[in-house]
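*Asks:* based on what follows, work out the 3D shape:
(chains A and B)
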Amino acid sequence: MNNLMSNIFLPCVKVTELIERRNFEKLSFIENTQLELHKKMCEPCRSYEKESLLIDSFIKKKNAKSFDGVNQDSEKGNLKAKIISNTLSK
Amino acid sequence: MERDKVFTNWVNQYTDKLYSWTLYKTSSKEVAEDIVQDTFLSVYSSMDKFENKSEPYTWIMSILNNKIIDYYKKNVKNIVKPSNEPVNGFDDKGSWLDKKVVFLDLDEDELLDNSGFVETLENCYENLPDKWRKSIQAKYILNINSSEICQELGITPSNYWKIIQRAKLQLKGCLELNWF
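*Replies:* Below you'll find the predicted structure:
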């Protein structure tokens, strides 16, 4: 019985790993069921999942921002000059 | 010299685009500048091999993208975490040590519009160990799937998820300490 229980109910440490893995690839049917079942009963893991998604959104937003900000960059003129003089002098 | 003239034209024409792209991919001005300069060095030294079969821009971009991947490879390659090392924050049965659930009732959009929160998260993110941060970034930056990332970085998929998990847990701890 104990064995059966531990097969169905994963520990939180394993569940948080599955949450990250799910971002990258499809989980097996069993893994998915284990994950959903666990989350239903475990508030801290639900909270972890939310935090994980929040951080992902943050990073996406941050990357998008640094992409937008580039065009006002006045240092790029210097970069061109630097590349030309460094490369052609070699 | 004809060759130098063509090269100078390419630099003037493509540097902005290459730089924006690289900055987007690496989030660091210094790194982006280095990579773009290095790319043009390679371009110059292999110009003879470029046969006008493709657009110069396409050719230069492929060199640039290889340099970006090299950069990530070099920086993240050596993270091979022993997978049986216990993950911080859990007891020996794998249950949470701290069962706080601060994130559950929060609205994501509201938080990401809150400049105080974003600043705290930004600080926590910057304070992550370098290799962890780069591992997280790799997903968004290289825009390739996990098996490709692992192949590029020379790590196994299970190590990769464990690294992400550890990095997220550290961010969680940092946020709870400094914001909530």
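
*Asks:* next, count neighbours for residue B:176.
*Replies:* Close neighbours of residue B:176, defined as other Cβ atoms under 10 Å in any protein chain shown, add up to 15. In this view, the C-beta of every residue, glycine as well, is placed from N, C-alpha and C.

*Asks:* do residue A:18 as well
*Replies:* Look at residue A:18: counted by other Cβ under 10 Å, it has 20 neighbours.

*Asks:* next one: it, what pLDDT does it get?
*Replies:* Predicted confidence (pLDDT) for residue A:18: 94.

*Asks:* what does residue A:56 give?
*Replies:* On the pLDDT scale, residue A:56 gets 90.

*Asks:* need the nearest residue in space to it, chain neighbours excluded.
*Replies:* In this structure, residue A:56 finds its nearest non-sequential neighbour in residue A:23, 7.3 Å apart by Cβ to Cβ, 6 or more residues apart in numbering or on different chains.

*Asks:* quick one, what contacts the one you found?
*Replies:* By Cβ atoms under 8 Å, 6 or more residues apart in numbering or on different chains, the contact set of residue A:23 is A:52, A:56, B:139, B:164.

*Asks:* could I have the CA atoms of stretch B:107-127 written out in PDB?
*Replies:* Below are the C-alpha coordinates for stretch B:107-127, written out as PDB (Å, rounded to 0.1, in the frame of the first residue of the first chain):
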ATOM      1  CA  ASP B 107      -2.300  38.900  -9.900                       C
ATOM      2  CA  GLU B 108       0.600  38.500 -12.400                       C
ATOM      3  CA  ASP B 109      -0.100  41.500 -14.500                       C
ATOM      4  CA  GLU B 110      -0.500  43.800 -11.500                       C
ATOM      5  CA  LEU B 111       2.800  42.600 -10.100                       C
ATOM      6  CA  LEU B 112       4.700  43.100 -13.400                       C
ATOM      7  CA  ASP B 113       3.300  46.600 -13.600                       C
ATOM      8  CA  ASN B 114       4.400  47.400 -10.000                       C
ATOM      9  CA  SER B 115       7.800  49.000 -10.400                       C
ATOM     10  CA  GLY B 116       8.900  48.200  -6.800                       C
ATOM     11  CA  PHE B 117       8.200  44.600  -7.400                       C
ATOM     12  CA  VAL B 118       9.900  44.500 -10.800                       C
ATOM     13  CA  GLU B 119      12.900  46.200  -9.200                       C
ATOM     14  CA  THR B 120      13.100  43.600  -6.400                       C
ATOM     15  CA  LEU B 121      12.800  40.700  -8.900                       C
ATOM     16  CA  GLU B 122      15.400  42.300 -11.100                       C
ATOM     17  CA  ASN B 123      17.800  42.500  -8.200                       C
ATOM     18  CA  CYS B 124      17.100  38.900  -7.300                       C
ATOM     19  CA  TYR B 125      17.600  37.800 -10.900                       C
ATOM     20  CA  GLU B 126      20.900  39.700 -11.200                       C
ATOM     21  CA  ASN B 127      22.100  38.000  -8.000                       C
END
